[in-house]
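>>> What follows is a predicted protein model with its sequence.
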Amino acid sequence: MDLLPMGGMMHAVTMAPDGTIAYGERPIPHAGAGKVLIRVAAVGICGTDLHLRAGDHVSRDHPIVPGHEFAGTIVATGEGVDLRVGTPVAVDPNIPCRKCAQCQRGRSNLCENYAAVGVTMDGAAAQFVAVPEFCCVRLPETMRDPAKLANAALIEPISCAVHGIDTLQPSVGDRALIYGAGTMGLIMTMLLAASGVCELTVVDPNTSRLDGARQAGATVAVSSLADLRKHSSGAPALWDLVVDCSGVPAAISEGIDQVIPGGTFLQFGVSPTSAVIEVSPYRIYRDEIRIVGSMAVHHSFARAAQVLATGLVDPDLIVSDRIPLSEYEYAINLFAQGKTKKVLVIP
């Protein structure tokens, strides 16, 4: 079923291999077999888009429409699709091959033939985007309202944090330390606060973010551990759980040193591919430090939709800017300055 005229045009953003961004018209994509066409309600900008612009994680030789955090309404369907026109959906952008060794082991987030909407193929920084039906999660009717549907673009980053929580395995009564109070740090703070963590410290050198961290559930929010220990005699010596949401090598190195014996360090933030740090293998051995990573989405997208729908994560604490699609370049530059939280682009 296709309710749009063939040959129709839409407004979209393209990102060239050298990072050049352009805004103009492109043909509306077709909902082929097994696919749906979505009218985009909003698309988020995140660190992955900065890496994509810099050519750091994915190399390519042609322009691409970015945008992997998005939600919208189905306006056309291809052959063999069960979802109906008019259904509000959020989209898991990851498309595993389902054939490689990692996919066969049930670790599709580590697919050896990685593909993702808005990363390796055209994404949602456009009025319309076509995606496989299996990527879609139907949203409750309560989220059909335009503002709530736009906020559903947050489901993708929330789903990454849910997988991070699964990997971290917090216990009731744990004390946790988070580096970074950007979008992912705030989401992780909310989820950890809801998990039964009894003491939650957030560190971010950007002091303008600290009030947001406290509102998200942080017990303490400081610009540095040195400042915390200087002004608080009751600061923990070490923490049960330490989570890096910054991707900054210096923060990661410091964070590993803050884990108690038998505790866990989670690398959640995305670092440049060239980043390296020094660690003490003897301490990891002696203190049985558990160091784990969390990559993207893994059996967590539908749960993330529920997290947002039930209010466990508050969009008002996360979204700082809503910017028209025509100003995408301004939006991504604003985000790159580190002075915002989540930036949503509205087609």
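Yep, that arrived.

>>> where exactly do the helices run in this structure?
47-54, 101-104, 146-151, 155-168, 183-194, 210-216, 225-231, 249-256, 281-286, 301-309, 328-336 (DSSP state H).

>>> Generate CSV for the ones you listed, with mean pLDDT and distance to Pro27 as supplementary columns.
For the C-beta atoms, the positions are set from N, CA and C on the backbone; glycine is no exception. CSV is the format used below for the helices of the chain (pLDDT from 0 to 100; distance: least, CB to CB, whole Å):
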stretch, mean pLDDT, distance to Pro27
helix 47-54, 91, 22
helix 101-104, 97, 32
helix 146-151, 97, 25
helix 155-168, 98, 25
helix 183-194, 97, 32
helix 210-216, 97, 41
helix 225-231, 89, 53
helix 249-256, 97, 43
helix 281-286, 97, 53
helix 301-309, 97, 29
helix 328-336, 97, 19
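
>>> do you know which of those lies nearest Met9?
Met9 lies closest to helix 328-336 among the helices of the chain, at 17.5 Å (CB to CB).

>>> what about Leu312, how many neighbours?
Residue neighbour count, defined by other CB atoms under 10 Å, stands at 14 for Leu312.

>>> check contacts around it.
By CB atoms under 8 Å, 6 or more residues apart in numbering, the contact set of Leu312 is Met190, Leu191, Ala194.

>>> just to revisit the earlier point, want to throw the helices of the chain into JSON lines with distance to Val131?
Supplementary listing: the helices of the chain in JSON lines, determined by distance: least, CB to CB, whole Å:
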{"stretch": "helix 47-54", "distance to Val131": "17"}
{"stretch": "helix 101-104", "distance to Val131": "19"}
{"stretch": "helix 146-151", "distance to Val131": "16"}
{"stretch": "helix 155-168", "distance to Val131": "12"}
{"stretch": "helix 183-194", "distance to Val131": "23"}
{"stretch": "helix 210-216", "distance to Val131": "31"}
{"stretch": "helix 225-231", "distance to Val131": "43"}
{"stretch": "helix 249-256", "distance to Val131": "34"}
{"stretch": "helix 281-286", "distance to Val131": "41"}
{"stretch": "helix 301-309", "distance to Val131": "13"}
{"stretch": "helix 328-336", "distance to Val131": "20"}
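
>>> The ones you listed into JSON lines, with extra columns for distance to His62 and mean neighbour count?
Output for the helices of the chain, formatted as JSON lines (distance: least, CB to CB, whole Å; neighbours: other CB atoms under 10 Å):
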{"stretch": "helix 47-54", "distance to His62": "13", "mean neighbour count": "20"}
{"stretch": "helix 101-104", "distance to His62": "26", "mean neighbour count": "14"}
{"stretch": "helix 146-151", "distance to His62": "29", "mean neighbour count": "18"}
{"stretch": "helix 155-168", "distance to His62": "24", "mean neighbour count": "25"}
{"stretch": "helix 183-194", "distance to His62": "29", "mean neighbour count": "25"}
{"stretch": "helix 210-216", "distance to His62": "38", "mean neighbour count": "19"}
{"stretch": "helix 225-231", "distance to His62": "45", "mean neighbour count": "13"}
{"stretch": "helix 249-256", "distance to His62": "32", "mean neighbour count": "18"}
{"stretch": "helix 281-286", "distance to His62": "43", "mean neighbour count": "11"}
{"stretch": "helix 301-309", "distance to His62": "28", "mean neighbour count": "20"}
{"stretch": "helix 328-336", "distance to His62": "18", "mean neighbour count": "20"}
